[in-house]
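# Sharing a sequence plus its predicted fold:
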Amino acid sequence: MVERLSQSFSSRAEGPAAPKVDPQHDLLVDCKSAWRDFSRKKASRRERVLAAILAVYHAGPIAYDKRGNVPHFRAVPWPESQLVRGKSSETHTMKQLLTAYRPLAAVLPKLMRRLACLLAFGCLAAVACGELPAEQPARPNFVFFLVDDLGWTDLACYGSSFYETPHVDRLAATGMRFTNAYAACPVCSPTRSSILTGKYPVRTGITDYINPAGGNQPEKWNRPTPLLPAPYNDRLALDEVTLAEALRESGYATFFAGKWHLGPEGFWPEDQGFDLNRGGLERGGPYGGSKYFSPYGNPRLADGPPGEHLPDRLASETVKFIESSGDRPFLAYLSFYSVHTPLMARDDLRQKYERKRAELANEQPLWGQEGSRQVRLVQEHAVYAGMVEAMDLAVGKVLAALDRLGLDDNTVVIFMSDNGGLSTSEGHPTSNLPLRAGKGWMYEGGVREPMIVRWPHVARPGSTCDSPVTSTDFYPTMLEMAGLPLRPRQHLDGRSFAALLRGEAHQRGPIFWHYPHYGNQGGAPGGAVRDGQWKLIEWYEDGRLELYDLANDLSERTNLADKHPEIRDRLHKMLVEWREATGAVMPKRRETEAPPK
């Protein structure tokens with residue numbers, strides 16, 4: 001029967017000569033596209049039978065890549081005309097493919113064994129009659145861009161008129177842009193732990209940025225403050241099942257590049273679910289070697305040519321991983337050191353923005369006041385602008401690779417920042433207006449982030465979502481996207497926002513913060529809760545409460561705590577009960593305000 005069908009079909013084959021096929025050659029047939037082609041009645045009944053035989057033989061229940069890995073199924077949707085991929089870059093139509101398989105006698109015994117399995121389940125009969133089995137959804141790849149210290153308005157697509165970010169803007173035009181996305185903390189390490197665990201920092205114990213020397217722990221605290229900051233965990237516990245571990249357990253290849261800042265050696269990315277680690281260690285910035293330029297002085301990132309730029313290198317490492325991932329779905333987690341201090345940019349980009357700054361005609365004041373700190377009100381820092389553009393170029397390099405490799409159609413791309421822009425300290429390089437304050441503060445400028453998600457064929461390109469979400473929500477959302485079971489005991493505080501990406505209604509409930517520390521940027525210990533349009537902040541030094549209506553006062557300038565006592569009390573009760581339920585550790589009042597000796 002096989003020979004007869006093959007001869008019958010080959011006599012009607014059209015087009016260029018078919019490729020020579022060696023049964024031992026690494027040739028992958030994309031069954032998903034084949035099924036789709038058949039279901040659209042583009043093949044005859046005989047062609048369906050023969051194609052089913054070939055699909056089963058080459059990429060059905062068992063398929064091996066040329067490295068001999070795993071049985072696996074290639075589920076990436078390819079164009080109908082590109083159903084075969086061999087060692088060369090040639091692609092062939094289905095008719096050419098079938099013609100190439102005329103001499104099937106050598107593999108007939110193996111085919112018959114597999115066909116017997118198919119017939120036992122009635123699959124072949126269904127294919128021959130055009131009644132195809134339900135198509136299994138493709139398991140998507142994930143590319144996660146996490147930018148360090150990027151402010152809410154530091155992108156052109158979020159309102160910046162000084163920084164140029166065409167590649168991230170293009171990502172926003174092809175995905176969904178979130179306007180009420182939050183980091184779990186106004187500083188970096190806690191937010192990073194929340195993404196990987198689906199838990200608020202209060203549960204992991206990482207409530208402040210990790211200082212490897214412990215200088216911000218209470219026993220070493222030497223600033224004259226009314227409170228001693230709460231102690232915090234200086235590493236992400238290994239018994240946490242990270243997002244990377246959950247995906248790897250389901251067959252994903254996992255890769256990390258850039259800033260880790262979640263513990264010392266033994267707690268680095270390779271210990272927390274990532275197959276490869278390029279540059280991730282305990283440091284909070286690129287503090288070794290020549291910092292943002294090679295040599296890097298980083299034991300997890302080999303030096304490049306002298307002067308090589310770190311953002312571009314991390315993007316290149318990410319592209320290399322994607323290119324080598326084969327047929328496994330992958331998680332590529334590019335966690336930029338940019339745009340964290342030290343403030344350093346390529347000379348050409350710095351000069352570009354110095355020229356651009358000279359052309360500005362700003363009439364508003366450059367500086368304002370936030371507590372005891374100056375706060376920048378205008379975006380015009382040339383070095384910082386160059387750092388933002390370099391980050392954007394790196395994003396563009398990775399996105400271009402996805403396009404070139406034909407993976408963009410089945411890759412979810414996520415873009416997020418770990419805390420607000422640096423506006424009140426350490427060079428004051430950016431402004432977060434209209435948001436108040438910035439990194440290290442409990443106001444919106446410290447916790448509201450630019451966030452973009454591109455989910456091909458699901459999220460409407462160029463759409464905007466105003467529903468509040470937070471960094472703990474990535475974990476369950478990505479599991480749902482991948483068609484994997486949720487892990488509610490792990491992502492305790494995460495709520496999937498996949499419904500929002502599908503254009504459906506979703507109410508995640510209140511969002512909480514607990515920051516029992518003094519930030520380097522002037523912020524004081526406090527907690528907060530947002531519920532709907534209302535946000536309440538409690539300052540731990542004196543118990544002062546501030547209530548803001550974010551729908552009408554995005555800049556948090558009018559404290560309505562006295563005007564709406566019922567809302568104030570309800571939210572404060574909610575915040576206190578949440579702290580009690582999560583075992584939040586509070587700062588302690590010291591006996592004297594003098595620093596300890």
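Cool, got the structure. Every value quoted in this text rests on a predicted model; they were computed, and no experiment measured them. Residues are numbered from 1 along each chain as shown.
# Can you tell me which helices and strands the strand or helix carrying residue 464 packs against?
Residue 464 belongs to strand 463-465 when elements are defined using DSSP states H and E. Where contact means 3 or more C-beta pairs under 8 Å, 6 or more residues apart in numbering; DSSP states H and E, strand 463-465 is packed against strand 176-182. C-beta here means a position set from N, CA and C on the backbone, and glycine is covered the same way.
# send the alpha carbons of the strand it packs on over as PDB?
C-alpha atoms of strand 176-182 as PDB (Å, rounded to 0.1, in the frame of the first residue of the first chain):
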ATOM      1  CA  MET A 176       0.200  45.300  24.900                       C
ATOM      2  CA  ARG A 177       1.400  48.300  27.000                       C
ATOM      3  CA  PHE A 178       0.500  48.400  30.600                       C
ATOM      4  CA  THR A 179       0.000  51.700  32.300                       C
ATOM      5  CA  ASN A 180      -0.600  50.500  35.900                       C
ATOM      6  CA  ALA A 181       2.200  47.900  36.300                       C
ATOM      7  CA  TYR A 182       4.000  47.800  39.600                       C
END
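# Distance from the chain centre to whatever helix or strand comes next after that strand, please.
Proceeding N to C from strand 176-182, the next assigned helix or strand is helix 188-197, under DSSP H and E. When distances are taken as C-alpha atoms, centre = their mean, to the nearest Å, helix 188-197 is centred 12 Å away from the chain's centroid.
# average pLDDT across helix 188-197?
The average pLDDT within helix 188-197 is 98.
# From the contact counts, what lies against it?
Using 3+ C-beta pairs under 8 Å, 6+ apart: helix 188-197 touches helix 201-204, helix 243-249, helix 474-481.
# what about the residue nearest the centre of the chain, distance to residue 392?
Against the mean C-alpha coordinate of the chain, by C-alpha atoms, centre = their mean, the closest residue is residue 144 at 2.4 Å. Distance of residue 144 to residue 392, computed by C-beta to C-beta, to the nearest Å: 16 Å.
# ok, now residue 169?
8 Å.
# got a list of contacts for the strand holding residue 464?
The contact list for strand 463-465, computed with C-beta atoms under 8 Å, 6 or more residues apart in numbering, reads 175-180, 500, 503.
# what do you get for stretch 264-275?
196, 212, 234-236, 238, 240, 242-248, 253-256, 260, 262, 276-277, 280-282, 300, 333.
# Weed out the non-buried ones from the residues you listed.
196, 234-236, 240, 242-248, 253-256, 260, 262, 276-277, 280-282, 300, 333 (16 or more other C-beta atoms under 10 Å).
# just to revisit the earlier point, most neighbours, which of the contacts of strand 463-465?
Comparing the contacts of strand 463-465 by number of neighbours (other C-beta atoms under 10 Å), residue 178 comes first, having 26 neighbours.
# residues in contact with that residue?
Neighbouring residues of residue 178 by C-beta under 8 Å, 6+ apart: 451-453, 464-465, 467, 469.
# Now with 6 Å, please.
Residue 178 is in contact with 451, 465, counting by C-beta atoms under 6 Å, 6 or more residues apart in numbering.
# partner residues bridging it?
Beta-bridge pairing of residue 178 under DSSP bridges involves residue 451, residue 465.
# low pLDDT regions in this protein?
Scanning the chain for pLDDT under 70 picks out 1-137, 592-597.
# Redo the helices and strands packed on helix 188-197 as JSON lines? Include distance to residue 527.
Below are the helices and strands packed on helix 188-197 laid out as JSON lines (distance: least, C-beta to C-beta, whole Å):
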{"stretch": "helix 201-204", "distance to residue 527": "9"}
{"stretch": "helix 243-249", "distance to residue 527": "26"}
{"stretch": "helix 474-481", "distance to residue 527": "22"}
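# nearest to residue 360, of the ones you listed?
When the helices and strands packed on helix 188-197 are compared for distance to residue 360 using C-beta to C-beta, the nearest one is helix 474-481, at 36.7 Å.
# Taking helix 188-197 as reference, get the angle to the closest one.
With axes from the mean of the first three to the mean of the last three C-alpha atoms, to 10 degrees as the basis, helix 474-481 and helix 188-197 are set at 30 degrees to each other.
# element containing the residue nearest to the centre of the chain, please.
strand 141-147.
# State the number of residues packed around the residue nearest to residue 402 when sequence neighbours are not counted.
Excluding its sequence neighbours, the residue lying closest to residue 402 (C-beta to C-beta, 6 or more residues apart in numbering) is residue 408, at 4.3 Å. By other C-beta under 10 Å, 18 other residues sit near residue 408.
# again with the one 10 residues further on
Residues near residue 418, counting by other C-beta under 10 Å, number 30.
# The closest residue to it other than its chain neighbours and residue 199: what is the separation?
Of all residues not flanking residue 418 in the chain, residue 191 sits nearest, at 4.3 Å (C-beta to C-beta, 6+ apart). Using C-beta to C-beta, one obtains 12 Å as the distance from residue 191 to residue 199.
# Among the two, which residue is more densely surrounded?
Legend: neighbour count by other C-beta under 10 Å for residue 191 and residue 199, higher for residue 191 (27 against 23).
# Quick check: nearest residue in space to residue 535, chain neighbours excluded?
Residue 535 sits nearest to residue 548 (C-beta to C-beta, 6+ apart), 4.9 Å away.
# next one: residue 508
residue 495 (4.2 Å).
# Based on its surroundings, how many neighbours for the one you found?
Neighbours of residue 495 under the rule other C-beta under 10 Å: 19.
# how much space between it and residue 244?
As judged by C-beta to C-beta, residue 495 and residue 244 stand 20 Å apart.
# Enumerate every residue touching the nearest residue to residue 258 once chain neighbours are set aside.
Once flanking residues are discounted, residue 258 sits nearest to residue 335: 3.9 Å by C-beta to C-beta, 6+ apart. Contact partners of residue 335, counting by C-beta under 6 Å, 6+ apart, are 146, 258-259.
# for residue 575, same thing?
Contacts were defined as C-beta under 6 Å, 6+ apart; by that measure residue 575 touches 527, 529.
# and it, that one's in a helix?
Yes: according to DSSP: H, G, I helix; E, B strand; the rest coil, residue 575 belongs to a helix.
# For the stretch 151-300 of the chain, which segments are assigned as strands?
With strands called from DSSP state E, counting those that start in this stretch, the stretch 151-300 of the chain shows them at 176-182, 227-228, 253-258, 276-278.
# what's the angle between the longest one and helix 188-197?
Looking back up the chat, that one is strand 176-182. Going by the same axes, to 10 degrees, strand 176-182 makes 120 degrees with helix 188-197.
# How far away from the center of its chain is strand 176-182?
The answer for strand 176-182 is 14 Å, by C-alpha atoms, centre = their mean.
# What's the local residue count around residue 204?
Per other C-beta under 10 Å, the neighbour tally for residue 204 reads 22.
# Now do the domain split for the chain, please.
Listed domain ranges for the chain are 2-128, 141-582 (source: automatic domain parsing).
# list the contacts for residue 492?
Contacts of residue 492 (C-beta under 6 Å, 6+ apart): residue 199.
# oh sorry, the question was meant for residue 165
155-156, 392.
# Now do the lengthiest helix in the chain against strand 253-258: the angle between them, please.
When the chain is parsed with DSSP state H, its longest helix is helix 382-404. Comparing the axes of helix 382-404 and strand 253-258 via the same axes, to 10 degrees yields an angle of 160 degrees.
# where do the strands sit along the stretch 301-450 of the chain?
330-335, 367-370, 373-376, 411-417, 448-454.
# from the chain's centre, how far out does the fourth one sit?
Spelled out, that is strand 411-417. 4 Å.
# and if you look at the first one?
Strand 330-335 has its C-alpha centroid displaced from the chain centroid by 7 Å (C-alpha atoms, centre = their mean).
# Please apply the same query to the second one.
For strand 367-370, the distance between its averaged C-alpha position and the chain's averaged C-alpha position is 33 Å (C-alpha atoms, centre = their mean).
# Can you mark which positions in that strand are buried?
368, 370.
# Now do residue 422 against residue 340, distance only.
Residue 422 is 8 Å from residue 340, where distance means C-beta to C-beta.
# Mind listing the shared neighbours of the two?
Jointly contacting residue 422 and residue 340 under the rule C-beta under 6 Å, 6+ apart are residue 149.
# Right, I'll call it a day here.
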